[in-house]
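Asks: Predicted structure and sequence below. I'll ask about it afterward.
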Amino acid sequence: MASLLSSPDASKSLSINTSELFLSSLASLPSPHAHPILTSASTPLPPVPAAVPPTALIPGSRFLIDAFRHAGDFSVAYFLSHFHSDHYGGLAPSWRRGLIFCSAPTARLVSSVLSVPPQLVVALDLGVRVTVDGWGVTAVDANHCPGAVQFLFSSPGPNTERYVHTGDFRYTESMTHDPYLLEFVRADAVFLDTTYCNPKFTFPSQEEAVDYVVNAIKHVKDESSAAGKRVLCLIATYVVGKERILLEVARRCGCSIHVDSRKMEILTVLGFGGENGVFTEDASVTDVHVIGWNVLGETWPYFRPNFVKMKEIMVERGYMKAVGFVPTGWMYETKKEGFAVRVKDSLEIHLVPYSEHSSYDELRDYVKFLHPKRVIPTVGVDAGKLDSKEAIAMQKHFSGLVDETANKQEFLMAFHRRSTDATHSCKDVAKCSILHDGEDAALLPAITSASEQLDTLRENITEEMKKELSDFLPSWVSEEQIMDLLISSGGDVVKAASDFFERERDFFEEANISCSETLKSEKKHTSDHGSSADGSSQQECPLFSQKPVEHSTKLVNLTPTGKKPNTPKKEKKRGSGTTNKPKKKGRLTSSTESGGRKQSTITNYFIRATAATSKSGTADKVTVKAHQNNVESDDQLTDIAKTQDQSVDQLLQIVDGGMSREYAVSLLEKAKGDVTVAVDIFYSSSENNVTAIDKNIALQNTQNETTDKCSNTDLACDSSQATPKVSNLHVQTSLAESDSANVSLPIEKYLPIEHACWAAGQPAPYLHLARTFNLVEKEKGKIKTTAAFCNMFRSLLALSPDDVLPAVYLCTNKISPDHENMELNIGGSLVVSALEESLGTSRSKIHEMYKTYGDLGNVAQECRQNQTLLAPPRPLSIRDVYSTLRKLSAISGSGSAGRRKILVLHLIRSCREMEMKFLVRTLVRNLRIGAMMKTILPALAHAVVFDRKCAGDPVVSLEGIQSQLQSLSTGVAEAYNVIPNLIRLLVHETLWI
DNA sequence: GCGATCAGCT
DNA sequence: CACAGCTGATCGC
């Protein structure tokens, strides 16, 4: 390693020819190894393949940054920004593909930890410019983990191009004084660590976080020494990273820090070791211990403490009390200033937002300082594509900060170079394609392409994107508003969603009067980027205004859409609190009389409905299976309800009457039943917020009461309710108003349109299916079940025929026709873990209940909580559920488990009423409603016939077509297995009537 | 048989 | 999709 830097004649200006050096290094290896292409220093290397991610390749060079997985014979010059596995991935002891340039600490780690031959590792000193293949290369500090650097590249030749690759970095103001970075102001591009490129990411400076930890530990030490007891302090860290906290703690608390031998090894390599160093492997000399990253709890998607493990460690090391610190990257708890603390018994875990990546504001500051011609996001973009929607959207965050005037020239150069240069350059593909449009296109002003881009953007907003976004947003957001959000976000769904929530949050803050300074400044940023590429950039970037007038006018014409919808939306939100809450929140308090926990209202509701329509089973408070299994479960549930009631009381006691019972319940739900956590949440929210939320909840409950009454009325005058649903489109979410038992009506009485729970043209809600399933599950007779399915299909046929096929699949527990051989590819464990997370029930509890119920669906249904979500989840529609299942089956590749879990979670969280039960059963491929093709298809066939007949003549004679149906449906059932599309034919063409 | 890559877990 | 990383299984040469 560092073979070159130590050579004596390198003092002035080191110059490296990578081919030459690489060859000689190869030759010096113990077991020489020939490069397949390179035979001499002047051998031309093959062209850079297109598969190399442009986010890792310096344009016009063969330098690859943090891309060892993409290494090949086309390059022998690789750069490693820092020693984290997602960056060094691909490096191994057998590495022979080229030289590795990195900082000295990283170099030591690469050779000692990864056993890469040191001959191939070139250590660069910080702030020393070396020449590599003619390019100027400088490494400067990245303020990430130890040894992390940013690379500065300047190309050879008179018109030098300059590129900055930040690796992973956290911006500090001091970077603006770095003489080397200063030379890269107005660089051609900055490859930016965009990990937190979203306004929702704000976190305090590292100093604040360190102060917090230091003070907390000091406090603990003082207290414990006064009491004569020793308290264990645990700090979670990575293999490399977050060392600054440890050093500061050691320095300011005057203690050494215990690490295990592995960590010690790393620290020694990094130069933190040594005999009088702060780190020790002797656990007995200090109460401050370093532990692995995930010991204190899982960190994603939100922090879940692992007190069990923590306690084990505490006991093992002979302590009575322990305080843990998890320096996480972001604030899990929305935006409050304090740092979250989780407490249980003698255990405490502090979440410290200590980030080694730049916050959103810091990213903007950095870009503003560098003022590059382009920003190339390196994190959060798909496969490193520069023109991916993510990348484009991310670049928009910096629209006012980059050197726009320079871009025009850049396009032209890119255009010329593209045709000649074999190594593909990093130019914006979208822009290039515009240039290709006409012969003289290259001469068009850049503004044309910019506005055209916006136009294209509008066109490019697909139904898919709209749907995706609407999944994220509360259901009261109109399609129009969704469209506006998408346009103003540049077509980025995620950004649109985050913009939306930002605005919502701002609105609430305004309403709450309590506006802290921080939030104000945050809000300023929001509005800045909210107007994306338009006016606001003119203020920040004077160069922008030099452009022709048409530019701004044209853009301004497009952009008001981004702002206008704000006001109506906010008003609507206010309205939603009072009008759009069809469902009752789960109320732990009211569960005394019913075994059905948390859902007494719904259960009662359902019982009432059943009683009103059919005379059967009034005692079905617990599900069928539970009955089969004996009464024990019933008792158990009442116990749970009791415990929860106690928790509520306890919580109320602790806060000394400072909150309403309803709010206590909602807090407990949030805290997953843990009183201490609930207290934590309570005390950490601002006073104003609490009362606001409390009121809000009270309001909702009143409203729910009303809604309940409404539905009762609906029940009473059930069939007289002949008003078309279309008339109340604006309350499209109030599904609970309609009668859940309508499907059980006899076929002749069922009115497919009026008795449905949704309006024509809307996607059919999954609830429709779930209700049918619930009915079918209880009903034994085949006639009745067929009737129920038939009714269900009739509504589907009448209101949203597109949902019929998905419904058939869901009914039959399939996701595709048999011959497609699709598997859901999820197992019980995934479902259980998703349940665990969304319900707040522990795995063991779920297993225990599973033993009692014998069915995961019932377990889920029983555990289901009506969580108070900030935004009520969008109701599940049949097509959503089905398409999600398809997605689940299609997901593969790295990280697939995580993606699957996200999808499953999303489904589970959106469940209403008894949807949960059947959804979970569907997920575990065990629907248990005894409905197979034999039942479903005839039912569908009946339904189709009714649909056709009803169109002309509502009074149908069943017998007239009965026999016809019979024969045909049998045929269909058989044919289905061969040609599933027949279903579609069946629905859309009048095939057989 | 080997290393590279992936799924699963933490 | 996610702040990082380990491990055992599986893939593919």
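Replies: Good, I have the coordinates. Residues are numbered from 1 along each chain as shown, chains lettered A, B, ... in the order given.

Asks: Which residue ranges make up the domains of chain A?
Replies: A:15-23+A:42-197+A:358-407, A:206-352, A:740-813+A:932-991, A:821-924 (the TED database).

Asks: hey, where'd the strands end up in the stretch 201-350 of chain A?
Replies: Here the stretch 201-350 of chain A has its strands, by DSSP state E, counting those that start in this stretch, at A:231-236, A:257-258, A:279-280, A:288-291, A:297-298, A:304-305, A:321-328, A:341-344, A:347-353.

Asks: now the angle between strand A:347-353 and the first one, please.
Replies: Meaning strand A:231-236. Orientation of strand A:231-236 against strand A:347-353 (axes from the mean of the first three to the mean of the last three Cα atoms, to 10 degrees) gives an angle of 40 degrees.

Asks: can you check the longest one too?
Replies: Here strand A:321-328 runs at 20 degrees with respect to strand A:347-353, directions being taken by the same axes, to 10 degrees.

Asks: Just the mean pLDDT for strand A:321-328, thanks.
Replies: Strand A:321-328 comes out with an average pLDDT of 92.

Asks: anything in that strand near DNA strand C?
Replies: Yes - counting by Cβ under 7 Å from any atom of the strand, DNA strand C has neighbours in strand A:321-328: A:P327, A:T328. No exception for glycine: its C-beta is placed from N, CA and C like everyone else's.

Asks: strands paired with that strand, and their directions?
Replies: According to DSSP bridges, strand A:321-328 forms sheet pairs with strand A:231-236 (parallel), strand A:347-353 (parallel).

Asks: who wins for proximity to DNA strand B among those strands?
Replies: With Cβ to the nearest atom of the strand as the criterion, DNA strand B lies closest to strand A:231-236 of the strands paired with strand A:321-328, at 11.4 Å.

Asks: For the closest one, output the C-alpha coordinates as PDB.
Replies: Output in PDB follows, covering the C-alpha atoms of strand A:231-236 (Å, rounded to 0.1, in the frame of the first residue of the first chain):
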ATOM      1  CA  VAL A 231     -24.800   2.100  35.700                       C
ATOM      2  CA  LEU A 232     -23.900   0.600  32.300                       C
ATOM      3  CA  CYS A 233     -23.700   3.000  29.400                       C
ATOM      4  CA  LEU A 234     -24.100   1.300  26.000                       C
ATOM      5  CA  ILE A 235     -23.400   3.100  22.700                       C
ATOM      6  CA  ALA A 236     -24.300   1.400  19.500                       C
END
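
Asks: Does that strand reach DNA strand B?
Replies: No - for strand A:231-236, no contact with DNA strand B is found by Cβ under 7 Å from any atom of the strand; the gap never falls below 11.4 Å.

Asks: which residues sit against that strand?
Replies: Identification of contacts with strand A:231-236 by Cβ atoms under 8 Å, 6 or more residues apart in numbering yields A:213, A:217, A:220-221, A:223-224, A:242, A:245-246, A:249, A:257, A:287-296, A:310, A:313-314, A:317, A:319-327.

Asks: Report the entries of these that also contact DNA strand B.
Replies: With Cβ under 7 Å from any atom of the strand as the criterion, these include A:W293, A:N294, A:V295 near DNA strand B.

Asks: Let me see the confidence value for the closest residue to the last one other than its chain neighbours.
Replies: With sequence-adjacent residues excluded and distances taken as Cβ to Cβ, 6 or more residues apart in numbering, A:V295 is closest to A:K309, at 5.8 Å. According to the prediction, A:K309 has pLDDT 88.

Asks: Quick check, A:K309 in contact with A:L296.
Replies: Yes - assessed by Cβ atoms under 8 Å, A:K309 is found in contact with A:L296 at 7.3 Å.

Asks: Quick one, grab the pLDDT at A:N981.
Replies: Looking at A:N981, its pLDDT is 47.

Asks: hmm, I was thinking of A:E737
Replies: For A:E737, the model assigns a pLDDT of 41.

Asks: and what of the one 3 residues further on?
Replies: Looking at A:S740, its pLDDT reads 57.

Asks: A:T884: how many residues sit nearby?
Replies: 20 (other Cβ atoms under 10 Å).

Asks: where does it sit relative to A:G89, distance-wise?
Replies: Distance of A:T884 to A:G89, computed by Cβ to Cβ, to the nearest Å: 31 Å.

Asks: now do A:V185
Replies: 32 Å.

Asks: Confirm A:I783 sits in a helix?
Replies: Yes - per DSSP: H, G, I helix; E, B strand; the rest coil, A:I783 lies within a helix segment.

Asks: my guess is A:L885 meets A:L919, correct?
Replies: No - under the criterion of Cβ under 8 Å, A:L885 is not in contact with A:L919, lying 9.8 Å apart.

Asks: Point out the residues in the stretch 51-200 of chain A that sit beside DNA strand B.
Replies: Residues of the stretch 51-200 of chain A lying near DNA strand B (Cβ under 7 Å from any atom of the strand): A:R69, A:G90, A:A92, A:S94.

Asks: doesn't A:G89 make contact with the first one?
Replies: Yes - the pair A:R69 / A:G89 is scored as a contact, 5.5 Å apart, by Cβ under 8 Å.
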